[in-house]
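Asks: quick one, fold the following:
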Amino acid sequence: MISPALFQKPLRRLAFSLAAFLLATSALAQWNLFGRTENLRIYLDQGSIRRQGDLAQMWQLYDYTSAQWVGTQQVVLSFKNLVEYDCSSLRARIVAGAAYTEQMGAGRLVTSETKPDAEWSALPPGGTGESTWKIACGKD
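Replies: Below is the predicted model of the structure:
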């Protein structure tokens, strides 16, 4: 039987590397306001767009005007997500994300996650998802 302790150090190293990467992308990001409601502002970092074949990735930031809760005690005011788009089909998935205590990806990192094998979701035609898909895939 393989001991779970064998995986703890590599997992901690991976989590630290992800946190450092997410913090670094915040400092370098050029967030452009994409849309807003009374409670939420959505920003895109079009400078982060990376295309390879039929796939494109772009960072998005969801900035809330009031506190959101993660679990029962963690206040979050912003989320950053690395979204991957299938440019040959109207679908997307979130492959990495992080939650922060302050707006615009500032403050303390509350949680982060990578999901390189996340499931694809269809994007409804005419919605925000299709609009960001067009930007990331260069379909405008």
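Asks: that's a helix at residue 124, yeah?
Replies: No - per DSSP: H, G, I helix; E, B strand; the rest coil, residue 124 lies outside any helix segment and is coil.
Asks: once you drop chain neighbours, what's closest to it?
Replies: residue 130 (7.0 Å; Cβ to Cβ, 6 or more residues apart in numbering). C-beta: built from backbone N, CA, C; applies to glycine.
Asks: for residue 29, same thing?
Replies: residue 45 (4.4 Å).
Asks: so that neighbour makes contact with residue 57?
Replies: No - counting by Cβ atoms under 8 Å, residue 45 sits too far from residue 57 to count as a contact (10.5 Å).
Asks: geometric centre of this structure: which residue is closest?
Replies: Of all residues in the chain, the one closest to the mean position by Cα atoms, centre = their mean is residue 81, 0.4 Å from it.
Asks: which of the helices or strands spans that one?
Replies: Here residue 81, judged by DSSP states H and E, is contained in strand 74-86.
Asks: ok, residue 86 touching residue 92?
Replies: Yes - with contact defined as Cβ under 8 Å, residue 86 reaches residue 92; the gap is 7.1 Å.
Asks: and the angle from the lengthiest strand in the chain to strand 74-86?
Replies: If you go by DSSP state E, the chain has its longest strand at strand 55-70. Interaxial angle, strand 55-70 versus strand 74-86 (axes from the mean of the first three to the mean of the last three Cα atoms, to 10 degrees): 160 degrees.
Asks: which residue is the nearest non-sequential neighbour of residue 118?
Replies: Nearest to residue 118 is residue 93, by Cβ to Cβ, 6+ apart, at 4.2 Å.
Asks: ok, the one you found to residue 47 distance?
Replies: For residue 93, the distance to residue 47 equals 21 Å [Cβ to Cβ, to the nearest Å].
Asks: beta partners for residue 70?
Replies: With DSSP bridges applied, residue 70 shows beta-bridge pairing to residue 74.
Asks: and the pLDDT at it?
Replies: Note on residue 70: pLDDT of 74.
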